[in-house]
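Colleague: With the input below, show me the fold.
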Amino acid sequence: QVQLVESGGGLVQAGGSLSVSCAPSRRASSSYAMGWFRQRPGLEREFVAAISWSGGSTYYADSVKGRFTISKDNARSTVYLQMNSLKAEDTAFYYCAATNRGGSSSIFDRTWEYDYWGQGTQVTVSS
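Modeller: Residues are numbered from 1 along each chain as shown. Okay, the predicted model is just below:
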């Protein structure tokens, strides 16, 4: 069982930047594909970005493409989400997720494809 812990959320003004990170609560194998999802009040959890376990493949939701960057430090089993040019509509609870299915280049954008989830971190963008 892998427990994920997110950190780095907070309050930022529109147009600003924020970085969130996610790491396992204990040392874990780096062979996990990971992703970020977000959930806004009253809405379903939606895909934001994903990265393969090798770190060589990434995929983004259209709404964040060009503004957000996902990266992975396999030595620390940590995944990062750098968020730039933030908008008020980016305000949400952000969750990281991990799965060990697929190959080294596999990436996943559906919630059901992930086996492990963090508790989430709040990101608030003021306009």
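
Colleague: How about the secondary structure of the spatially most central residue of the chain?
Modeller: Geometric centre of the chain, nearest residue: W36, 2.3 Å, by C-alpha atoms, centre = their mean. Using DSSP: H, G, I helix; E, B strand; the rest coil, the structure places W36 in strand.

Colleague: Any stretches of this structure with poor pLDDT?
Modeller: Across the chain, residues meeting the criterion (pLDDT under 70) sit at 27-30.

Colleague: what residues are up against the residue nearest to the centre of the chain?
Modeller: V20, C22, V48, A49, A50, I70, V79, L81, Y94, Y95, C96, A97 (C-beta atoms under 8 Å, 6 or more residues apart in numbering). C-beta coordinates here come from the backbone N, C-alpha and C atoms, glycine included.

Colleague: how close does the third one sit to L81?
Modeller: Taking C-beta to C-beta, to the nearest Å as the measure, V48 falls 7 Å from L81.

Colleague: Quick check: neighbours shared by the two?
Modeller: The overlap between the contact sets of V48 and L81 (C-beta under 8 Å, 6+ apart) consists of W36, F68, Y94.

Colleague: So V48 and L81 - more neighbours on which side?
Modeller: A side-by-side neighbour count of V48 and L81, using other C-beta atoms under 10 Å, places L81 first with 27 against 24.

Colleague: Now for that one: which residues touch it?
Modeller: S19, V20, S21, C22, W36, V48, A49, F68, T69, I70, Y94, C96.

Colleague: one more time with 7 Å
Modeller: S19, V20, W36, A49, F68, I70 (C-beta atoms under 7 Å, 6 or more residues apart in numbering).

Colleague: before we move on, what about T58?
Modeller: Contacts of T58 by C-beta under 7 Å, 6+ apart are A49, A50, I51, I70, I107.

Colleague: The same query, at a cut-off of 8 Å, please.
Modeller: Contacts of T58 (C-beta under 8 Å, 6+ apart): A49, A50, I51, S52, I70, I107.

Colleague: Tell me the one of the residues you listed nearest A14?
Modeller: A49 (19.9 Å; C-beta to C-beta).
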